[in-house]
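Undergrad: Predicted model and sequence below, questions to follow.
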Amino acid sequence: MSGHSDENSNSIFKIAFNLAMTCLVSGLIIAGVYYTTADAAAQKAVDMKNAAMQALVQDADKFNPVEGHEGWYKAEKGGKTIAYVVPSESKGFGGPIQFLVAVTSEGKVLNYDIIKHNETPGLGDKGGKDPFKSQLIGKKIENLQVVKDPSDKENVQAMTGATISSRAVTNGVKKAVEEVVEFTGGK
Amino acid sequence: MEYLTLFISAVIVNNFVLTRFLGLCIFFGVSKNVNASVGMGMAVTAVMTLSSIMAWLVYTYVLVPFKLTFLTTVVFVLLIASFVQLLEMIIKKHAPALYNMWGVYLLLIATNCVVLSVPLLNVESSFSLAKSIVHAIGSGAGFGVALVLMASLREKLRLADVPKPLEGLGVAFILAGMLALSFLGFSGMISL
Amino acid sequence: MAVNEESLKMNLLTVSPSPHITSSESIPKIMWSVNAALVPAVIFAAWYFGMPAIITMLVGVVSAVATEYLVQIIRKKEVTIKDGSAVLTGLLLAMCLPPNLPWYMTAFGSFLAIAVAKQSLGGLGYNIFNPAHIGRAALMVSWPVAMTTWTKMTTPVDVVSSATPLNILKQQGYAKLIETFGDAPNMYKAMFLGMRNGSIGETSAVLLILGGLFLIYKGYIKWEVPVVMIGTVGILTWVFGPSGLFTGDAVFHMLAGGLIIGAFFMATDMVTIPITRKGQIIFALGAGLLTVLIRLKGGYPEGVCYSILLMNCVTPLIDRFVTPKKFGARR
Amino acid sequence: MKSFHGGVHPDDSKKYTAAKPIETAPLPAKVIIPLRQHIGAPVSPIVKKGDTVKKGQLIAQSDAFVSGNVHASISGKVVEIADYPHSVFGSCMSIVIENDGLDEWVEGIPVQRQWEKLDAKELSGIIREAGIVGMGGATFPTHVKLAPPPDKKIDTFILNAAECEPFLTADYRAMLEYTERIVTGVKITMKVLGVSTGYVGVEDNKPDAVKALQNAFNGTQVKVMALPTKYPQGAEKMLIKVLTGREVPSGGLPMDVGTVVQNVGTVVAISDAATKGIPLIERVVTVSGSAVKEPKNLLMRVGSTFADALSCCGGLSGELVKIINGGPMMGFAQSTMDVPVIKGTSGILFLSKKDVNYDKESACIHCGRCVEACPMGLNPSMLSVLGERQLYVEAKEEYDLLDCMECGSCVYVCPAKRKIVQYIRYAKAQNAIQAQKEQAKVAV
Amino acid sequence: MQIALMVLVVMLLTGVVFGLILAFANKKFAIEVNPLIHLVEDALPKGQCGACGYAGCMAYAEAVVLNADVPPNLCVPGKAPVAKIVGELTGKAAAEIEPRIAHVRCSGSPGIAVIKYQYGGIEDCAAANLLQGGQKNCQYGCLGFGTCVKNCPFGAMTMLPSGLPYVDPEKCTGCGKCESVCPKGVIQMLLIGAKVSVNCNSKDKGAVAKKNCSAACLGCGLCKKNCEHDAIKIQNSLAVVDHKICIEKCDNPTCIAKCPTKAIEAVVKGSAAEKVAV
Amino acid sequence: MKELWSIFNKGLILENPIFVLALSLCPALAVTSSVIVSLTMGLTVMFVITANNTVVSIVRNLVNPKVRVPVYIVSIATIVTVAQLVLQAYLPDLYKALGIYLALVVVFAIILARAEVFASKNGVIRSFFDGLGMGTGFLIAMLIIGAIREIIGSGTFLGIQVMPASYNAPLMLVLPAGAFILIGYLVAGCKMLVQHIEKSKA
Ligand SMILES: Cc1cc2nc3c(=O)[nH]c(=O)nc-3n(C[C@H](O)[C@H](O)[C@H](O)COP(=O)(O)O)c2cc1C
Ligand SMILES: Cc1cc2nc3c(=O)[nH]c(=O)nc-3n(C[C@H](O)[C@H](O)[C@H](O)COP(=O)(O)O)c2cc1C
Ligand SMILES: Cc1cc2nc3c(=O)[nH]c(=O)nc-3n(C[C@H](O)[C@H](O)[C@H](O)COP(=O)(O)O)c2cc1C
Ligand SMILES: Cc1cc2nc3c(=O)[nH]c(=O)nc-3n(C[C@H](O)[C@H](O)[C@H](O)CO)c2cc1C
Ligand code: SF4
Ligand code: SF4
Ligand code: SF4
Ligand code: SF4
Ligand code: FES
């Protein structure tokens, strides 16, 4: 209520200065906090990424980026490449699903992780958990196929009530495998 | 086609209010009569679109090159608030008719999550400028649709014999719940 | 006025506003007639699906009535369970559920239908959404697996899991559908009579139509609503066929799913649809359109339930803009 | 034949009295003559307690144009001028005359007159003098109706012989028995109005009346039309629409579309006044209903009570629960039998339990029957709900409350037994109060 | 470190830019507004929640200042304190008036008052009044359908089993809503502290009134004669008490004892309730 | 002391930001499908609102009324950004779970409203308690909603199975529709509670 009649305090520069000062102080604080947390945050991010990859390829002792393929990593054990960890994406029931897929050099699914999805909790989101997950592990391209026939043990059984998600997850994983197979030339 | 899908998705399938829970304060606050809700819907759409454009420009040409993305929140919110305040003053001065129609809603919008979230989602999903605009318009339209529907339902309910404790906000939530239940019919229709 | 009320009334004439005569229609009469119109389909379902269907229908009705009773007691309102509307809601809900749904789910749906969709908004006449469909939609989101698991008893002990025609169409395509039934005429016949899988009450098209005709004859529903809704679905599914324009199987789509029961018994629930004839036709048109949209483009095999609910949302708007033509309006 | 939208088909219940010729009721011991028997300015008595009056003598009048003279209907002594029950207004100042049994005409009545020799102005004056008001129920002073403002060009006269209310047969019997007087009355009215086209609208459940009138009007410019039996065919707006295709605009009157509508009883009274100089002191009343022993069509003096009517008809048969002045669709329920017959009383119904419904009203279920039934194209459901929630301003401004003519079709069909018309009257009354308050505010 | 510097630069720039724009706009687009609106707006919570039914606090402030019909208590989050401030600012706080309480001046419950017909319409006094003035012979008495009860904004009224409304003196705020909705004018706003009250509204002549209701005030004037302070007048066959005189002068209401129909009674807290018990 | 208590107290029920004031409804629905996320969001908001109230009440006399809103917003945004940075660095999982709503804390109406209604007119200590009270009220509401949704909708509490294994949870509660309906009834319940309290006070 202070300023209504007070012409002086309403001058353009006073007003601007007021806001500018606030922003400056704000900037100072943020800069300060950023400065102190930046390293920790960066470290955390790297740790998490490594931990995630480690969880996918438990045997590996080292992860190296793959040249020319953004986001791709070679999982190495004792200097030998045992698997590739690659990102993938597919369209699910509620939107895009993002994966991190570990594929063995032979083109088998080693493991995968769903990083981001918008599937229904309790239904579609089971696609990143057992028992659905275990079905996919070890499968090759040919058998990454969703079926709804319980007698078919070769392929992937759809999750009940979530055929769309089942397909989406399987296709996402399959895409990763195909890319890896193409990259490694099938060997 | 891609734009159309994006648009429809924002309007119906992933409706901001009913599936993403954004802008609920206005949604419940201004949905008491249909006319007001139409005005609000248009105002939100306009503000959302314009601020999306500006936010996108600032983000792409200032924040990203200088690696300042953690300032996004501060900068966006300040940008929107100032922009809305400016817009309001201009309209009030130069187009009083327009102001009477929906200018009054602008103030409500200045600090509201639905308006802030669209630019944030745009940059988070790395949309191009064109996509950002489509997304903003679609989101605004979706917000408007939900608002108008809700308002018409509440107008009808005004004449109903609603149990006392539920009157007002309580029953509005329940209606929103049933509205959301109905909108589930569109789920799975478009996956982005 | 409790003081000797009866003695005071003695020999007093009644004074009430005009008119002094009214027709003999009443809400209970209408509601029980609709219940009666469903009886053939109910009996068929009991025979075709057996015990599980009977239990589901019983649970649906009983829990709907019990909920209505309880809520009205709590709200200190007159108990109106005898008017048949709660029975009807429970029955219609049960008729839209798979036969083998666990009983507690049916009860949950019935409870929500009455307590949330109907009584929380004020009771009979004030609800905005079709209570039975709110119940069904709530069950659909709560237990989607159970709600889309279709089992059929071939003998009283033997239960096999199988898909409904629309499920087959959605997942395995039209060819597989024909294969399941032998040939197209066979399929139409089976679907017309009701010898196919699906929700409890939706299968027998002929008995449902019969009941619907009875209601049309009694003047309780307007013939335009089912005709327009089913017609819209027929035309649109024919036009937007699987292999290009004008290749769809309209007959199949008109007989499949909950369309017949929905068009005759649920898109006609006067409480939740527009009040004018024109408005009701718009409602039916919209519902037909949305049904086709969901069936052909949506995530679910069937869209009758959602299309009716979605049209319920716009009913107040329709009522606002589609008003009766006023006598003597200055042009 | 064109029809109007909406309407209902209640059982017409005319069988009780349709075949009963008009019977002249015995003279009552006393008559109670209310001073309000018409719409418009009230009249003031020009006799006082103790005066002796003759049949046909003017006993109350007003200087106002929109008003109706009141005449003594029997000869005798004025014993009281006091508040008495009234069949429409609840209670009203009335002149009570004790019968001296002589039934003498006042001097100068009846006369023999050649109405053809009189001009429109003189005829109109005679009608005014005779105190003739609309006998179809609205009791609007007839001379006013016959003198439309100059900017309203009248080209058509319509005789309302529909008698669409169930039970009532007064007009029907008049058409059969007073055919000549009706023809004369119509001719006089058309002369006063200066029009050459005329219609008579009769519902087709009275074929013999149609035939009789067709014969009587043969060779004139007046067309007798049989109309579908549908309530409220007799409402003037509906009648005009059906006969001429014209729609009286919202808030307007028949004269806005160049027509004047008159009831059968009214033209009979006009004929009597013009040819014999007899003022309006008696009328045909249908006494019917399930609680009457012998339902009849009675020719009754104005001011006889409903109890008189009942005793002419052999008394009660069965438990009486409701008495109605007028028809069952628009009539007024009475709390006592001691109310007088007035100029607008076309019927008296004594109803037993089986005719009256005690159903409780419940919430509207939006069945839309009332919307389909409303001949005015309104949304009665909404009007009743708005009335119930006291949102009467909205009812007036957005749902055309004031266009409702309270015909009751909507209530008749409503399965929820909603008292729509009462809500509507309530809302109208509240709006009127509101308007008064606002006017008071402006005045201050 | 460089980033931290950039933060400062960017933030400072942002602040300056927006600050200048806003400040400039403020000058350029300034328009005259009723200063009161600002004061009111200041008093509002500015949650911009729209709960008041207006599009934001500013809109409500404008409405409440400019439109005489907009009450000052619509802001839900602000609650009573805000309503008070707004009321003071806009001069709408119902200026402190003499405290009053609603009083039902009719004791003609059915049986005491003569009923002329059985009512078969909607349960509302104003609607019943349209049918021959209601079901009682007495045209001035309470109809008993509780329109006043339904309209009391403070839940201060209840319908007694006797068919007459009862005012809870604890809850009645004297707002007068009930008085304005009663079609019969049965409700009177009594000064608080009034000693006696006439419990009848009938303007009928004594004989008629008596015929219609055994509890009616006959206008016989016995009370008037017995009042030492000349506080009672008979108007239209009805005793009318000047309560100011009673309150100031009288401590022994002698008028009560003589009334042949007990139409005039002492005002006791909860008297109406006690009457029921009898 | 008593006064501070009453300032603190009113935010809990009588003026509960979610159930009574109906401000900041988005988080009440969006991030309450499990208790742990509700808790985090609740604490974050509590922190922001308290800190901001304090800051605003300190600087309240330095602020030009013409840019009051932008200044307060910058203040809130700064505090939120700090919270964001800290969470990102030390609790990245929760940071992810809160998603976009963390940034949106900036515009939660309750925060700005308290700044304008209370902090800009009151001293630091009072403002602090006001913020704390409102924040706590917010937190309580979030926890109630979160707990009900998690227990009934998933059969777990804080991720631990609390319902019998045979419990077949209705998914509805974790989905938007169920959340809306649940909150509707909670709002009604709170209304009854408030009325009860006010009655017993009077
Ligand atoms: C609320 C709701 C959420 C659903 N979410 C998913 C989902 O996330 N993923 C999915 O594949 N299906 C989901 N569905 C189910 C599908 O829409 C549909 O029921 C499915 O195609 C059924 O086919 P199925 O039983 O053959 O798998 C959901 C259904 C509902 C009602
Ligand atoms: C009136 C009615 C409406 C229905 N609406 C829906 C719906 O909207 N969505 C749905 O999945 N199932 C709905 N159903 C049930 C479906 O018919 C059933 O779930 C199945 O998906 C389709 O089976 P069908 O192949 O026999 O048509 C409804 C059933 C009835 C009786
Ligand atoms: C619903 C309704 C029904 C009516 N039915 C009749 C009728 O059957 N016969 C009739 O003469 N007048 C009827 N009237 C009255 C006419 O509208 C009109 O007032 C009358 O015919 C005018 O003639 P009058 O002035 O000679 O009475 C009805 C009015 C209404 C509103
Ligand atoms: C023709 C007709 C159709 C009805 N359809 C439904 C329905 O689909 N679902 C329902 O819950 N009630 C239905 N009812 C019953 C009743 O309208 C329902 O209980 C109300 O919606 C509850 O207020 C129907 C009633 C009629 C007369
Ligand atoms: S009473 Fe009024 S609303 Fe009802 S049908 Fe007649 S004109 Fe229409
Ligand atoms: S007829 Fe009765 S129940 Fe039907 S819509 Fe009209 S008012 Fe409502
Ligand atoms: S006091 Fe008036 S409003 Fe109240 S019940 Fe009596 S008549 Fe009705
Ligand atoms: S309406 Fe007002 S004056 Fe009447 S009882 Fe209620 S609070 Fe008292
Ligand atoms: S709009 Fe208020 S929190 Fe989202």
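TA: Looks like it arrived, so ask away. Ligands and ions are numbered 1, 2, ... in the order given.

Undergrad: and whichever residue of the stretch 301-444 of chain D sits closest to chain B, what helix or strand is that in?
TA: Closest residue of the stretch 301-444 of chain D to chain B, C-beta to the nearest C-beta: D:Val385 (5.0 Å). Yep, even glycine has a C-beta here, placed from its N, CA and C like the rest. Following DSSP states H and E, one finds D:Val385 within helix D:380-388.

Undergrad: secondary structure element for the residue lying closest to A:Gly92 once chain neighbours are set aside?
TA: Spatial nearest neighbour of A:Gly92, chain neighbours left out: A:Ala168 (3.8 Å); criterion: C-beta to C-beta, 6 or more residues apart in numbering or on different chains. Using DSSP H and E, A:Ala168 sits in helix A:163-184.

Undergrad: picking up where we left off before, now the helix holding D:Val385, how far from the centre of its chain.
TA: Distance, stretch centre to chain centre, for helix D:380-388: 27 Å (C-alpha atoms, centre = their mean, to the nearest Å).

Undergrad: which residues of the chain score low on pLDDT?
TA: I went with chain A, as the question did not name one. By pLDDT under 70, the low-scoring segments of chain A are A:1-10, A:150, A:186-187.

Undergrad: that answer is for a different chain, and I need it for chain E
TA: In chain E, residues with pLDDT under 70: E:1, E:27-35, E:45-53, E:55, E:75-80, E:93-99, E:268-278.

Undergrad: tell me the centre residue of it?
TA: Computing the C-alpha centroid of chain E and ranking residues by C-alpha atoms, centre = their mean puts E:Cys175 first, at 2.2 Å.

Undergrad: ok, and does stretch A:153-162 reach over to chain B?
TA: No. Judged by C-beta under 8 Å from any C-beta of the partner chain, stretch A:153-162 makes no contact with chain B; its nearest approach is 10.4 Å.

Undergrad: Sort out which residues of that stretch are buried, please.
TA: Residues of stretch A:153-162 classed as buried by neighbour count (16 or more other C-beta atoms under 10 Å in any protein chain shown): A:Asn155, A:Val156, A:Gln157, A:Ala158, A:Met159, A:Gly161, A:Ala162.

Undergrad: That one near ligand 2 at all?
TA: No. Counting by C-beta under 6 Å from any ligand atom, no contacts exist between stretch A:153-162 and ligand 2, the nearest distance being 11.4 Å.

Undergrad: And the pLDDT for D:Tyr399?
TA: Looking at D:Tyr399, its pLDDT is 93.

Undergrad: my read: it touches D:Ser381, true?
TA: No. Judged on C-beta atoms under 8 Å, D:Tyr399 makes no contact with D:Ser381 at a distance of 9.8 Å.

Undergrad: Looking at the two, which one has more neighbours?
TA: Looking at D:Tyr399 and D:Ser381 with other C-beta atoms under 10 Å in any protein chain shown, you find the greater number of neighbours at D:Ser381, namely 26 against 23.

Undergrad: Can you name the residues bridging to the residue nearest to D:Lys145 when sequence neighbours are not counted?
TA: Among residues not flanking D:Lys145 along the chain, D:Val260 sits closest, at 6.0 Å (C-beta to C-beta, 6+ apart). Here D:Val260 sits in beta bridges with D:Phe157, as judged by DSSP bridges.

Undergrad: can you tell me which residues contact D:Val260?
TA: By C-beta atoms under 8 Å, 6 or more residues apart in numbering or on different chains, D:Val260 lies in contact with D:Lys145, D:Leu146, D:Pro148, D:Ile154, D:Thr156, D:Phe157, D:Ile158, D:Thr189, D:Leu193, D:Val195, D:Pro254.

Undergrad: Next: A:Met48.
TA: A:Met48 touches F:Pro92, counting by C-beta under 8 Å, 6+ apart.

Undergrad: Just after the one helix or strand it maps to, pick out the following helix or strand.
TA: Element membership for A:Met48, per DSSP H and E: helix A:12-56. Toward the C-terminus, helix A:12-56 is succeeded by strand A:62-65 as the next helix or strand (DSSP H and E).

Undergrad: Could you give me the buried positions within the helix or strand following that next one?
TA: Where DSSP H and E defines the elements, the next helix or strand beyond strand A:62-65 is strand A:73-77. Neighbour counts over strand A:73-77 (16+ other C-beta under 10 Å) mark A:Tyr73, A:Lys74, A:Ala75, A:Glu76 as buried.

Undergrad: Could you tell me the angle between strand A:73-77 and helix A:12-56?
TA: 40 degrees (axes from the mean of the first three to the mean of the last three C-alpha atoms, to 10 degrees).

Undergrad: Can you list the strands that the next helix-or-strand element following strand A:73-77 pairs with?
TA: Per DSSP H and E, the first helix or strand lying C-terminal to strand A:73-77 is strand A:80-91. Sheet pairing of strand A:80-91 (DSSP bridges) gives strand A:73-77 (antiparallel), strand A:96-104 (antiparallel).

Undergrad: quick one: C:Ile170 and C:Gly299 touch, right?
TA: Not Ile; residue C:170 is Lys. No. The pair C:Lys170 / C:Gly299 is not scored as a contact, 9.5 Å apart, by C-beta under 8 Å.

Undergrad: Residues of chain C that sit close to chain F?
TA: Residues of chain C lying near chain F (C-beta under 8 Å from any C-beta): C:Pro102, C:Phe108, C:Val116, C:Ser120, C:Ala137, C:Ala138, C:Val141, C:Ser142, C:Trp143, C:Pro144, C:Ala146.
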